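Enquirer: for reference, the sequence and a predicted model appear below.
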2 protein chains.
Amino acid sequence: MPELRRDPVIGRWVIISTERAKRPDQFSASSVEKEALAPGEKCPFCEGNESMTPPEIYALRKPGTRPNGPGWEVRVIPSISPLLQIEGNLDRHGHGMYDLMNAKGAHEIVIDTPQHLRESQISQDHIAKSVNVIVDRIQDLQNDPSIKYALIFKNYGQAAGGGHIKHSRLQIIGTPVNLKRVKEELAGAKRFFDYKDRCIFCDIIKQEIQAQKRIVAESKYFIAIAPFASRFPFETWIMPKEHACDFYRMDRNRIPDFAKAVTLVFGKTRKVIGDFPFNFVSHTAPFRRDAGKKGYWETIERDYHWHFEILPILTRVAGFEWGSGFYINPLPPEDACKSVREAAL
Amino acid sequence: MPELRRDPVIGRWVIISTERAKRPDQFSASSVEKEALAPGEKCPFCEGNESMTPPEIYALRKPGTRPNGPGWEVRVIPSISPLLQIEGNLDRHGHGMYDLMNAKGAHEIVIDTPQHLRESQISQDHIAKSVNVIVDRIQDLQNDPSIKYALIFKNYGQAAGGGHIKHSRLQIIGTPVNLKRVKEELAGAKRFFDYKDRCIFCDIIKQEIQAQKRIVAESKYFIAIAPFASRFPFETWIMPKEHACDFYRMDRNRIPDFAKAVTLVFGKTRKVIGDFPFNFVSHTAPFRRDAGKKGYWETIERDYHWHFEILPILTRVAGFEWGSGFYINPLPPEDACKSVREAAL
């Protein structure tokens, strides 16, 4: 079973992933990752190859089609090499001064198109269908009391860790602990709220609407901004204009409009830099916030604001960033924003 | 002038680097980074090509040789594309709810060999010379009241951001703010000290000596361990066995022994995985800790313990890590340690 280990100094959790394990001598720097499917190798995520994957957890299917056969539009399966496993106990324990637990949790793959398409070929309508499926899955995971947080992400392209099977897919990870980055955001949002009695993200949206310098695109209910302290060239955050802390509780009627905002941002960015490697990552509030809890749990519904981050991987993160948590971005977000906003679709 | 911008939610600083700026349309994902010097292109860091760089700040030279000519062993120059600049004012200011300042600070390149060598060809004796030069430079930077922190790092290999001029070099960055990662470590170390009245790093060393499962190598004064919650395969920390918070105040007589520990770790790791891309990053206490200061400044001399981290870049960091601050390591540190420790040099 994979293990979750906690750094005793800064509290960072690491998954020691036995499912993806290799022997020490298999890590030679010259053993380049596989870049693509070998000739003749079949893609396990394409329609018609359902038997190559574990049985599906859920699928959006055409009427009359059967599970684990063709006829689906969005298909959810367990990961073949899960980072966290749904069976077993958490078994939190210490080991001298160290803390560890079994890596219990969920790891699901959302295959968001039955065809082997380029990212840019997936339609807005189809994106809305995938978002609906993801919301269904998160609502289901929320019922598992051992899962504290669900992270949704897509890795696209080799540089972004997209893997050698180049079939579009999202991933959902349900973790038994709250994640460092999420806790930092919750703490920062609460600090601001305690001082100003307002949501910091709502304030950011207001200031950006006034400044008109970092708004990449807008739909009726969503706004996409190039954050003031962007870490990456063309970094973009998509946020609901109305305050809300839970992505998965979004009004379903607004999902097509969310898909529109996503399509606008990716489409316009591709007009400027072409098809680009990226990580697309959700930031949403944790599950199970008892009203009685102290700390950032007390005001989370009022101070936290869900959003998705698009992180294009066009530069390399090097020692300085690892050592310092301090990023270098060679492109002012205002310049990135101007070129993307003006791109005609 | 480059700008330092602060993320309003989590307080992360980002350098918007005008010196390395490109136009938005120059970021095309297909514009591959230069992999090596072009045929006939001269290396600006090789002995004999001193006129290709800005004038040297400092050099360890053979007697009778002149600045900015050949005859040096270690040479320090300002960066050609500095991330922070020594001139000008900090000019901290707000912009609505955002905070920013000029990226004032130091960015120096320590060319640690006059020849165009592979990393593995640099001798232990020569590493000791470079460390002496670095200590000299940090002691000098410490005199500049606008510099709060000095970070030392080496990026080696393309995957680690080593750049296309494949001449070995270290970098020193002097920053006008304390870095997020450093603050987190200081806060974690203080939390432990307040509870136990002991240095957490000293306790880690003691537990590791008892367990004998994660000690990669030892010299007389230094110990190299594979950290319990390693983020990367073959991650290794080199620490002084005796408690000390400032790298640059190390007893000069111990520098050859530090060079020995460094040589042992890199040499043995190379026996297992060959020449590997890595980031080598210092973790040392900030400058200017007035005794009167509250918070983690009060006990820093007793609770913080300097060390260097070796981060081999053999896997890709993807969306999950960016979104969560949660790492995935496919190799248990005990296995990595065993293979490296047993490697014969």
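Expert: Everything's here; your move.
Enquirer: do a quick rundown of the helices in the stretch 1-150 of chain A.
Expert: Assigned by DSSP state H, counting those that start in this stretch, the stretch 1-150 of chain A shows helices spanning A:124-141.
Enquirer: now the strands for it?
Expert: A:3-6, A:13-16, A:58-61, A:72-78, A:93-95, A:98-102, A:106-111, A:149-156 (DSSP state E, counting those that start in this stretch).
Enquirer: and the ones you listed, which one averages the lowest pLDDT?
Expert: Here the lowest mean pLDDT among the strands of the stretch 1-150 of chain A goes to strand A:13-16, at a mean of 84.
Enquirer: surely A:Phe276 meets A:Arg270?
Expert: Yes - counting by CB atoms under 8 Å, A:Arg270 is a contact partner of A:Phe276 at 6.9 Å. For every residue, glycine as well, the C-beta is placed using N, CA and C.
Enquirer: the helix or strand harbouring A:Val265 and chain B in contact?
Expert: A:Val265 is part of helix A:255-273, with elements assigned from DSSP states H and E. Yes - counting by CB under 8 Å from any CB of the partner chain, chain B is contacted by helix A:255-273 at A:272-273.
Enquirer: cool, and stretch A:329-345?
Expert: Yes - Stretch A:329-345 lies within reach of chain B by CB under 8 Å from any CB, at A:329-333, A:335-336, A:338-340.
Enquirer: now that stretch: buried residues?
Expert: Within stretch A:329-345, the residues scored as buried using 16 or more other CB atoms under 10 Å in any protein chain shown are A:329-333, A:335-341, A:343.
Enquirer: can you show me the helices along the stretch 201-345 of chain A?
Expert: Under DSSP H, counting those that start in this stretch, the stretch 201-345 of chain A gives helices at A:255-273, A:300-303, A:319-324, A:333-342.
Enquirer: chain B contacts on the stretch 51-200 of chain A?
Expert: Near chain B, when you scan the stretch 51-200 of chain A using CB under 8 Å from any CB, you find A:83, A:95-98, A:151, A:153-155, A:157, A:159-162, A:171, A:173, A:175, A:179-182, A:184-185, A:187-189, A:192, A:200.
Enquirer: for the nearest residue to A:Met52 once chain neighbours are set aside, give me phi and psi.
Expert: Sequence neighbours aside, A:Pro44 is the residue nearest to A:Met52 in space, at 3.7 Å (criterion: CB to CB, 6 or more residues apart in numbering or on different chains). Here is the backbone geometry of A:Pro44 (degrees, to the nearest 10): phi -70, psi -10.
Enquirer: per-residue pLDDT, A:Pro44?
Expert: Per-residue confidence (pLDDT) for A:Pro44: 94.
Enquirer: and it, what is it in contact with?
Expert: A:Pro44 makes contact with A:52-53, A:80, A:165, according to CB atoms under 8 Å, 6 or more residues apart in numbering or on different chains.
Enquirer: buried among the residues you listed? Make that a PyMOL selection.
Expert: A single PyMOL command selects the buried members of these (16+ other CB under 10 Å):
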select buried, chain A and resi 53+165
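Enquirer: tell me the one of the contacts of A:Pro44 nearest A:Met239?
Expert: Nearest to A:Met239 among the contacts of A:Pro44, counting by CB to CB, is A:Ile165 at 31.4 Å.
Enquirer: picking that back up, mind putting the buried residues of stretch A:329-345 into a markdown table with pLDDT?
Expert: Formatted as a markdown table, the buried residues of stretch A:329-345 follow (pLDDT from 0 to 100):
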| residue | pLDDT |
| --- | --- |
| A:Asn329 | 88 |
| A:Pro330 | 86 |
| A:Leu331 | 90 |
| A:Pro332 | 92 |
| A:Pro333 | 95 |
| A:Asp335 | 94 |
| A:Ala336 | 94 |
| A:Cys337 | 96 |
| A:Lys338 | 95 |
| A:Ser339 | 95 |
| A:Val340 | 96 |
| A:Arg341 | 96 |
| A:Ala343 | 94 |
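Enquirer: find the nearest non-adjacent residue to A:Ile209, please.
Expert: A:Ile215 is the one closest to A:Ile209 (CB to CB, 6+ apart), at 7.0 Å.
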